[in-house]
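Visitor: This is a predicted model, with the sequence first.
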Amino acid sequence: MSSKNVSSEVVSADEQAFEKHDEAEVDEDGFEEVGETPKFQATVQMEVQAKVDSNHPDARVEEGPDHMFGKTLEQEERIKAREAELERISAQAELGTQEGREKRTRDIAAKQSAKRRTEFQRRRASVDPMADPDRPDPRAELKQEQLAAVNEQSMRLAEKLDGWSRAAISRRLAEAVVMGRDMTSAVVGVFEELQTAPGQVIPIGKVEDVNRKEVSIEGTVTQLWDADSSAIQQVGLIEDESGRTKVTVWEKSNQPWIEEGERVRIHGAARNWYQERVSVALTGWSTVHFPERGRWWE
């Protein structure tokens, strides 16, 4: 009976290192020489995983222009998707730091706003022909003496109307004259129209004449009295040179307290009617300013 004896010597890592240390070259001072470019070797786990991947039934057995060696289709897709995502993030970061990007964004927004305004004006032209943006400047249709009168009156109105430029006033006057109105009625009509336009602080005496739910006024609070409801914070009278009206401050509006004799500018006050008399109320959407509060001489 024959037998085969297979013997193998197991050498520990410390012994291998000791043997390599004996074989290492030393310099003239007796120190071990170390190579500048160390040699990297794969671990056992890496070699095993590489064999498993390469032997996968769906793995690529050769390198190609459209696939990777040793990778399955699923692995390739994940790798390519990650690379594409990194490229997209890099492109976004580069685009975000491009010089002038904010200015280009503002220019695009301004053009889109102008386009929407032009489209609205064209629709409005079906009711008001003067609103047509394609209509030429009405001042070009005036005679020389009419244009001179329009320019003179627009200068006068610009001193009385806050927030309106002389050019805008003269164009509106020219439109009224072209439509057949005489200069006097055109001046009066344009003044009243622009004075009570949305967003303008209108005289208190004109509150009942405007045709909208909210108005902006400025005047002096001449009187305050106790409210007959817990839902009302303050109630009183506000007036200016043109007239006076009742003002109510609702408790839930979260508005500041007003004192008698104080000048107040109110934006977005709600207009109400009671027993054929108009009044205004401060809601949560209203804003209140005190032009004379905090003056340095006080």
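Guide: Thanks, I have the structure now. Numbering: from 1, shown residues only.

Visitor: where does this structure have low pLDDT?
Guide: Within the chain, the stretches with pLDDT under 70 are 1-42, 48-73, 92-102, 125, 128-133, 294-298.

Visitor: Sketch out the helices for it, chain order is fine.
Guide: With DSSP state H, the ranges of helices along the chain come out as 13-23, 44-54, 73-96, 101-124, 144-160, 166-178, 183-195.

Visitor: tell me the angle of the third one relative to helix 101-124?
Guide: Going back to what we said before, that points to helix 73-96. On the basis of axes from the mean of the first three to the mean of the last three Cα atoms, to 10 degrees, helix 73-96 is oriented at 80 degrees to helix 101-124.

Visitor: if we can go back for a sec, Serialize the helices of the chain to JSON lines and add fields for mean neighbour count and distance to V207.
Guide: For the C-beta atoms, the positions are set from N, CA and C on the backbone; glycine is no exception. Conversion of those to JSON lines gives the following (neighbours: other Cβ atoms under 10 Å; distance: least, Cβ to Cβ, whole Å):
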{"stretch": "helix 13-23", "mean neighbour count": "9", "distance to V207": "97"}
{"stretch": "helix 44-54", "mean neighbour count": "11", "distance to V207": "83"}
{"stretch": "helix 73-96", "mean neighbour count": "10", "distance to V207": "50"}
{"stretch": "helix 101-124", "mean neighbour count": "11", "distance to V207": "26"}
{"stretch": "helix 144-160", "mean neighbour count": "15", "distance to V207": "19"}
{"stretch": "helix 166-178", "mean neighbour count": "20", "distance to V207": "23"}
{"stretch": "helix 183-195", "mean neighbour count": "16", "distance to V207": "12"}
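
Visitor: Out of those helices, flag the one nearest V215.
Guide: Across the helices of the chain, the minimum distance to V215, taken as Cβ to Cβ, is reached by helix 183-195, at 11.9 Å.

Visitor: Keeping just the C-alphas, turn that closest one into CSV.
Guide: What follows is helix 183-195, C-alpha atoms only, in CSV (Å, rounded to 0.1, in the frame of the first residue of the first chain):
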residue,chain,number,x,y,z
MET,A,183,-58.0,121.8,-23.8
THR,A,184,-59.8,122.9,-20.6
SER,A,185,-61.9,119.7,-20.3
ALA,A,186,-58.9,117.6,-21.3
VAL,A,187,-56.8,119.1,-18.5
VAL,A,188,-59.6,118.6,-15.9
GLY,A,189,-60.4,115.1,-17.0
VAL,A,190,-56.7,114.0,-17.1
PHE,A,191,-56.0,115.5,-13.7
GLU,A,192,-58.9,113.7,-12.0
GLU,A,193,-58.1,110.5,-13.8
LEU,A,194,-54.4,110.4,-12.7
GLN,A,195,-55.1,111.8,-9.3
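
Visitor: Compute the inter-axis angle for that helix and helix 144-160.
Guide: Between the axes of helix 183-195 and helix 144-160, defined by the same axes, to 10 degrees, the angle is 30 degrees.

Visitor: If you count contacts, what does helix 183-195 end up packed against?
Guide: Packing partners of helix 183-195 (3 or more Cβ pairs under 8 Å, 6 or more residues apart in numbering; DSSP states H and E): helix 144-160, helix 166-178.

Visitor: What lies in contact with that helix?
Guide: 146, 149-150, 153, 157, 160-161, 164, 169, 172-173, 176-177, 181, 200, 202-203, 206 (Cβ atoms under 8 Å, 6 or more residues apart in numbering).

Visitor: got the helices of the chain as CSV, with distance to P291 columns?
Guide: Formatted as CSV, the helices of the chain follow (distance: least, Cβ to Cβ, whole Å):
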stretch, distance to P291
helix 13-23, 88
helix 44-54, 79
helix 73-96, 43
helix 101-124, 31
helix 144-160, 19
helix 166-178, 25
helix 183-195, 19
